[in-house]
Every structure is written in structure tokens, then in C-alpha cells.
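Student: following is a predicted model, sequence given first.
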Amino acid sequence: MKKTVTVNISGIAFTIDEDAHDKLSHYLNTIRGYFSASDGRDEIMADIESRIAEMLHAKVSDKKHVINISDIEEVIALMGKPEQFAGEASSEKTEEKTSAPANESRTKRIFRDPDNKVLGGVCSGLGYYFGFDPLWLRIAFAVIFFAGFGSGLLVYILLWIIIPKANTTSEKLEMKGESVNVSNIGKAIEEEMDDLKKKVNEFSEKAKNINAGPQVDKAKNFISRVVEGILQLLKMLLKTFGKIFGIALLIAGTVLAIVFSALMLGEKAIISITPEGIHSFSWSGITNMIFGSSNLSVLATIGLIIILGIPIIGIFYAGIKLLFGIKNGLRGVGVALTALWFGGVIVCGVSALMLVSDFSEKGNYEKKIILIQPANNRLYLHVADDIFKDNGHHSKHSSHNFHLKINDDSAFFGNVKLDIEKSENDSFYLDMNFIARGESSKEAIELAKNINYGFAQGDSLINFNTYYSITNQKWRNQYVKMTLKVPEGKSVYLGEAMDQIIYDVRNTTNTLDYDMVDKTWVMTKQGLECGDCK
Amino acid sequence: MLKDQKMSSEKINIENTQAQMRKGVLEYCILSILANGEAYPSEIIEILKKAKLIVVEGTLYPLLTRLKNTGFLAYRWEESKQGPPRKYYQLTALGKKFLKELDSTWEELETAVNLTRR
């Protein structure tokens, strides 16, 4: 006769002999001892008990109501001796122990998610890494694309290329792993600092130990160790502040990219500040003028984009790698970018060469203008309103030749020169030379003819424009050279602003141009002589 | 047990080596079995026994739980006339992918072992 116990296994009630119950109880406790909570111990024990209940349930029938010890022994045989569990469990424990520290120090790595992608899984991957819904990032990219002249697209493609795809399941798990947030980064930096302290201590230990050994070797050793120590220090700093460097580079790259695209695509984006004021142009306006909207213009622009754009891409690349700690980039990206950059240089070089040939021939279009002869034999020379003078300030020493203003289809250049010489007859007249360059003499002369320059004479007063203009023409270093012929015995008065267009006017006193203005000059046998200088 | 083995003896324990070989393959076999459809632990044991892979039921449960926690398996409950409700395990999408990788690993190993046996 035996004592029985009623026991609840996995929700099913069994009547069981007391000794059988003790054996089972001991068995279960032994097994339980092999697992730790982190192994999912409770769940495993529940599964095991459930299976035991199933097995025992099969043994109970109408004829037999009570579980006995041989039943339990059968169950244990089927289930397995505790030591056999131990094989599973403790290896799990050692695995857990060795992998746990690795897990703690290893934070999430960034990957692209190929399972959740719209385009390339960039936004999904970033979403996992930072812990937010990728939808926001996709919206942000779309907005930047439309508002920032498409510069966001370049960033996206860069990220697509640089961030590796999560291929294996372990990579996918790493992608979704422990999230990166401020406290984590802080923890990571702390760990780096501790590492750093350790290394510094090691280094100072080594330095102390150099006391043994001969003198020369001591010195050599010490120096090499110092260098090594400094390198280690730099490496540590880079790792620690790598993320910050990375962000800084990304910001710099973004700013540059936006400026760059605005420059290329926007109107009136290029601003030049001269002493005369601020002028603004558009990029396409300038290229059209220089290259004459042809294939050459496009070619040169492409070349320039490559030359300027690739360094920007390089900055982004380095920034992203630093920020996310991506160690190995795609193979050949650096090489490809450098090759492309040199390609851009070559393209620019070629277009420059082709451009040069456009300037090879010079053409001169001459016009002789008979002027109205002044009643009192004196011409008063003044300049008309200076279109370059935006704020009324007139600088006497600025180089007028480089003044430039571009409207929609016309360009105004200040490259106008006036010389004064003796007339071979009795009359004032003006020799006008319009000069331009071109691919051929014919083209050069055509371009010269198309220079628009004007002056107005009323009686003895002449108002010269300080500029010429070209409309829908190529810029081919056009300029206007005028020579005013003054008969002997007659005179001219140079207005105050005339120094803008007079150029190396010979005179008997070798007075410089800017000192010649606001004075009257008489043409004598020897040349121009100052008439009212005191 | 493995840890003790490593620490105490410098000789190879034959049973241990064999057990390690089997153990390494066990996860793979479980995933392969479940690739054919869902099953509960006793069924899995039956198939393994038919395949002559010696394993006791006890070792299965921790393994199944681990696989589930990693995300390779999922389970659903089903009422049973023979006792308490049962867990029916199935492969997840992640589990299927992992299985494919193990397939390649197995083929690589097989080739390697065959070559070295020559």
C-alpha cells in the first residue's frame, strides 16, 4: 500500500504515488537548475511539463488510475537524463556568456533593408538604425528633391551605394539590433574613453620600463614608442569623435551641394561685388555668351560640374562612412571617382582648347566719323551716364575695362578707350575702331560690326558712353578704340569723368591720364599742352 | 559538460566528439523538417528517430525555444484530446532564409569533407 498525491501538471490533475512524485519533482528541479532565466527557462519548463502531462495522460486508463514510479522512469527515459539536457543548457550558458559582452559592446550596424524597400531600402535601413518610421525619411527626401534643385537625389544615390545591403540573416538581425540613441552613444564614448585611459597607462608603463637596456637603444625605443603612442591616441580620437567629424562633413557637403545646384540652375545666382556695386548674372547667361549656346557650352558645363561636384561627393562619402562607422566601402569607388574627376578635367581642357581656336583671328572694323566743328574751336568731352555706377560713388582708380553687366540678352562691357592725336587737316574727326576676335577673319569682322557703341554730339559738347553692348552675340574680347583727331591750334576740354575712357593720351608734360581730366588741352606743334594748369 | 570536458582532459572523448557532430546538425535538421510543414515536438522527434539521429526529447525543447526567440520559428496552440494543448511550430520567413543559408553551408561542408576523405 502506498500513499498517493494529487498533482497538477500543465493544468491536468494526476493521482500519483508519493515516491513517483518525488522522483518526478527531483527530475524537474534538476533540469530547471541547468537553465537560467535568460535562456527562456520558464518557457522551456512549461513545454517539458506539457509533454510529460501528455505522456502520463496516455498511461492513465479506466483500469489504471494512478501513476507509479515505473511510469515516471519511462517518461524520464524518453525525455532524457538531466545530464543530456545539460549538454544543451550549459553550452547555451557558455555561448550566452561569451556572446553577451559582445552583444553589449556591439551596437546596431547600418544596413539597407532589401525586404522593406521602395527604391533601395535606404530609408528602411536608416529607420532601423535610428529607430523611427522610414515614412518620415521618405517624405523628407521627396521634399528636399523638389525644393533643393534635385540635390537630395544625389545624397540618396550616395547612401544607396555606400550603405551595404543586409544579405544574410545575421546581418539582418544586426540591422534591427539594439537601437542607437543618445545614451548608447554616450556609453560607447565612455567605453572608448576607458580604453583610451587603459592604453595611456600601458604606454606610460612601457615608457617606465625602458630604464633597462643600453643608452642608444633606449632613445630609439622611446621615440618609436612615443610615435606609436601618438598614433594610437589619434586613432582613438578619430574613433571617438568620428561620428562628430562625420556629421560636420555631411553638413559641409550639403551646404556646398545646395549652393552648387542653385548656382547652376538658378537665374541671377552668380553675384559679383565690384567697387562700383553689385551685379548679378545667371550661369547659363555667361556660358551662352562665351561658348555661343552650342554643344561646346554643354560640354564645358558638364566638365565643370564634374570637377566641382566630385569633391563634394567625396566629402559626403567620407562623412557617411565616418558617421555610421562603415569600415569597408565598395571596392573601386575611390578609383572610379578619381577617374571620373580626371575625365572632367580632360573634358574641360578639351572645351578650353576648342574655345581658344575661336579667338585665333582678329577683326577690325573701322569707321571714320566727321564731327560737327565747334564754333569756338574747342570740343567739350564728357561721359554719358555711367551704367556701372549703381550707387553714385566713382572710384578714380578702378579698372574700367573689366566692368560688366548682363541683362536678358545684352551684355555691356566697359572696354572702351579714347585716345587724342593731332589731326592732319583742319577738322576735328573721330577714328573709330571696333575690334573683335573670331574663329575666322570673316567671323571676327562680323562680330566687330555688331558692337553697339554710341556717343552724342550737340554743338561743341560730346557725350561718350563708357560702355559698348552686344546683343545675342558671343563674347570674343571685343573692344572699342577711338582716336579723336584735334587740329593744331584747337583744343579740347576733358570732363571730370573722362578718365574712365581716355587711355594713355600723349601730352607734352607727360601728365598721367587721371590728372588730365577737368582741364583744357590745346593741340600744339609738339602735342597736347595743358591750357589752364596752374 | 563541454566546458568541464575542455578543462579537465587533454584527451579526446569519443562520445563527446560524436555528440558534438550531431549537435551541430540538429538545428539544421529541425528547420528542414519544419520546412515540410508545421509540426509539434513529438512529431519532430519521431522523424528524427526515423532518420536515426539519436536525440532525446528533452534536448529539443530548449532548442525550439531558442529558435523561436531568434525569430526563425513561430508557434500556434492547438487543443489536444490526449492532454494539454500543443504547440505547433512553423518556420517564419526569416527562418526560411536562414534554412537556405544552412543548406549552402551543408553542401559546402559535404564537399569539403568528401574531398578530405579522398
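Tutor: Received it, and whenever you're ready, just let me know what you need.

Student: isn't residue A:524 up against residue A:508?
Tutor: Yes - proximity of residue A:524 to residue A:508 meets the contact threshold set by C-beta atoms under 8 Å, at 7.1 Å. In short, each C-beta sits where N, CA and C put it, glycine included.

Student: can you give me the buried ones in stretch A:295-305?
Tutor: With burial defined by 16 or more other C-beta atoms under 10 Å in any protein chain shown, the residues of stretch A:295-305 counted as buried are A:296, A:297, A:299, A:300, A:301, A:302, A:303, A:304, A:305.

Student: between the residues you listed, which is nearest chain B?
Tutor: Each of the buried residues of stretch A:295-305 was scored against chain B by C-beta to the nearest C-beta, and residue A:305 proved nearest at 42.1 Å.

Student: next, that closest one: secondary structure please.
Tutor: Under DSSP: H, G, I helix; E, B strand; the rest coil, the three-state class of residue A:305 is helix.

Student: confidence score at it?
Tutor: At residue A:305, the pLDDT value in this model is 81.

Student: so what does the nearest residue to residue A:129 once chain neighbours are set aside look like in phi/psi?
Tutor: Of all residues not flanking residue A:129 in the chain, residue A:110 sits nearest, at 4.6 Å (C-beta to C-beta, 6 or more residues apart in numbering or on different chains). Per-residue torsions, residue A:110: phi -90, psi 130 (degrees, to the nearest 10).

Student: quick check: residue A:110 vs residue A:176, distance?
Tutor: 11 Å (C-beta to C-beta, to the nearest Å).

Student: now do residue A:345
Tutor: Here residue A:345 is placed at a distance of 44 Å from residue A:176 (C-beta to C-beta).

Student: now do residue B:60
Tutor: 27 Å.

Student: flag every buried residue along the one helix or strand residue B:20 maps to.
Tutor: Per DSSP states H and E: residue B:20 is located in helix B:14-35. Of the residues in helix B:14-35, those buried by neighbour count under the rule 16+ other C-beta under 10 Å are B:16, B:19, B:23, B:26, B:27, B:29, B:30, B:31, B:32, B:33, B:34.

Student: just those residues that are near chain A?
Tutor: B:19, B:23 (C-beta under 8 Å from any C-beta of the partner chain).

Student: columns pLDDT and distance to residue A:122 on top of the buried residues of helix B:14-35, output as CSV?
Tutor: As requested, the buried residues of helix B:14-35 are arranged in CSV below (pLDDT from 0 to 100; distance: C-beta to C-beta, whole Å):
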residue, pLDDT, distance to residue A:122
B:16, 75, 48
B:19, 73, 46
B:23, 75, 40
B:26, 88, 39
B:27, 87, 33
B:29, 92, 38
B:30, 92, 36
B:31, 93, 31
B:32, 93, 35
B:33, 93, 38
B:34, 94, 34
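
Student: the top helix by length along chain B vs chain A: in contact?
Tutor: Criterion DSSP state H: the longest helix present in chain B is helix B:93-117. Yes - against chain A, helix B:93-117 shows contacts by C-beta under 8 Å from any C-beta at B:94, B:97, B:98, B:101.

Student: how close does residue A:385 get to chain B?
Tutor: Distance check for residue A:385 against chain B: by C-beta to the nearest C-beta, to the nearest Å, it reads 78 Å.

Student: ok, how many other residues are close to that residue?
Tutor: Other residues within reach of residue A:385, judged by other C-beta atoms under 10 Å in any protein chain shown, total 10.

Student: buried residues, stretch B:84-104. List them.
Tutor: Under the neighbour-count rule (16+ other C-beta under 10 Å), stretch B:84-104 has B:84, B:86-89, B:91-92, B:94-95, B:97-99, B:102 buried.

Student: please, which helix or strand holds residue B:55?
Tutor: Element membership for residue B:55 (DSSP H and E) is empty, with no helix or strand holding it.

Student: how about the nearest residue to it, chain neighbours excluded?
Tutor: On the basis of C-beta to C-beta, 6+ apart, the spatially nearest residue to residue B:55 that is not a chain neighbour turns out to be residue B:48, at 5.6 Å.

Student: hmm, back to that, who's more crowded, residue B:60 and residue A:176?
Tutor: Taking neighbours as other C-beta under 10 Å, residue B:60 and residue A:176 compare with residue B:60 leading, 23 against 14.

Student: ok, and does whichever strand or helix holds the more buried one reach over to chain A?
Tutor: Here residue B:60 sits within helix B:57-70, counting by DSSP H and E. Yes - shown here: helix B:57-70 in contact with chain A (C-beta under 8 Å from any C-beta) through B:57, B:58, B:59, B:61, B:62, B:63, B:64, B:65, B:66, B:69, B:70.

Student: against which helices or strands is whatever helix or strand comes next after that helix packed?
Tutor: Moving toward the C-terminus from helix B:57-70, the next helix or strand (DSSP H and E) is strand B:73-80. Packed against strand B:73-80, as judged by 3 or more C-beta pairs under 8 Å, 6 or more residues apart in numbering or on different chains; DSSP states H and E, are the following elements: helix B:57-70, strand B:83-91.

Student: for those, give me JSON lines that also has mean pLDDT.
Tutor: Compiled in JSON lines, the helices and strands packed on strand B:73-80 are given as follows (pLDDT from 0 to 100):
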{"stretch": "helix B:57-70", "mean pLDDT": "87"}
{"stretch": "strand B:83-91", "mean pLDDT": "90"}
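
Student: now for those, which one comes closest to residue B:117?
Tutor: Closest approach to residue B:117 among the helices and strands packed on strand B:73-80 is made by helix B:57-70 (28.5 Å; C-beta to C-beta).

Student: may I see the buried residues of stretch A:134-148?
Tutor: Neighbour counts over stretch A:134-148 (16+ other C-beta under 10 Å) mark A:134, A:137, A:138, A:141, A:144, A:145, A:148 as buried.

Student: correct me, but the first one touches residue A:121?
Tutor: Think residue A:134. No - checked against C-beta under 8 Å, the pair residue A:134 and residue A:121 is beyond contact range at 9.0 Å.

Student: and the residue in the stretch 351-500 of chain A that chain B sits nearest to, how many residues sit next to it?
Tutor: Nearest to chain B, among the residues of the stretch 351-500 of chain A, is residue A:351, at 51.7 Å (C-beta to the nearest C-beta). Number of residues near residue A:351 (other C-beta under 10 Å) recorded here: 21.
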